[in-house]
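# here you go, sequence then predicted model.
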Amino acid sequence: MIALLTGKIASKSPDSVILDVNGVGYLVQIPFSTFFALPEDGAILTLNIHTNVKEDAITLYGFLTPLEKLFFQLLITVSGVGPKLAKDILSNIQPNELSAALCRGDIVRLSFIPRIGKETSERLVLELKEKVVKLGLAGDSGRDATLSKQDRSVRDDVASALVNLGYKEAIVTKALMDLDTVADAPMETVLKLALKRLMK
């Protein structure tokens, strides 16, 4: 499984980029938010990658930030939301705004996203609101927000370590979603708790 790619931009379009990694070109699907932040062709770029495997194809989805990737992975856990739709959602709303809309239960805002009607918006709120809060992504202000950002950074490091150990990314994401940790917990503590859950 590919979780991260660093290479030279061979070409780019609003919905994809080809990364030249040591002479091998990887076609990576991207949301508009990533496209608009890309450097010029020929520049070195690192993308956070979600590898989607089907019987007839392997598709790479790339994001500039771990937060975008995390929301993409949250979105595809929702019934009826596949990778293409998840990418389209992130092309039309930033993670922070999406988080706020989910926590408010703002069906109207979510319904303005292309291809997302009222029914899908309600399902997004129903299935993701608690997960967003539990992961510390609810967009709190002040000291709580700082702690949440630190907690997210630790979780990102733990997720990367577990993937490198051979655990599937989707399983790692779910394990971390279900994990209750204290804010500012050190990486070693979170890693031990995550491993304990994965070995159940």
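Great, that's in hand.
# test my guess that residue 129 contacts residue 102.
Yes. Here residue 129 reaches residue 102: they are 5.2 Å apart, a contact under C-beta atoms under 8 Å. No exception for glycine: its C-beta is placed from N, CA and C like everyone else's.
# these two - which one has more neighbours?
The neighbour count for residue 129 versus residue 102, taken as other C-beta atoms under 10 Å, is higher for residue 102 (27 against 17).
# so the more buried one versus residue 83, what's the distance?
19 Å (C-beta to C-beta, to the nearest Å).
# by mean pLDDT, point me to the weakest helix or strand of the chain.
Here the helix or strand of the chain ranked lowest by mean pLDDT, DSSP states H and E is helix 142-164, holding a mean of 61.
# who touches the closest residue to residue 13 other than its chain neighbours in this structure?
With sequence-adjacent residues excluded and distances taken as C-beta to C-beta, 6 or more residues apart in numbering, residue 13 is closest to residue 35, at 7.6 Å. Shown in contact with residue 35 (C-beta atoms under 8 Å, 6 or more residues apart in numbering): 12, 13, 14, 15, 17.
# now the residue nearest to residue 67 when sequence neighbours are not counted. Its backbone dihedrals?
Nearest residue to residue 67, sequence neighbours excluded (C-beta to C-beta, 6+ apart): residue 95, at 5.0 Å. The phi and psi torsions at residue 95 (degrees, to the nearest 10) take the values phi -50, psi -40.
# dump the residue contacts of residue 95.
When contacts are counted by C-beta under 8 Å, 6+ apart, residue 95 is found next to 65, 67, 68, 70, 71, 137.
# ditto for residue 115
With C-beta under 8 Å, 6+ apart, residue 115 has these contacts: 85, 88.
# could you do residue 20 as well?
Residue 20 neighbours (C-beta under 8 Å, 6+ apart): 7, 8, 9, 10.
# so the last one sits against residue 16, correct?
No. Under the criterion of C-beta under 8 Å, residue 10 lies out of contact with residue 16, with a separation of 11.1 Å.
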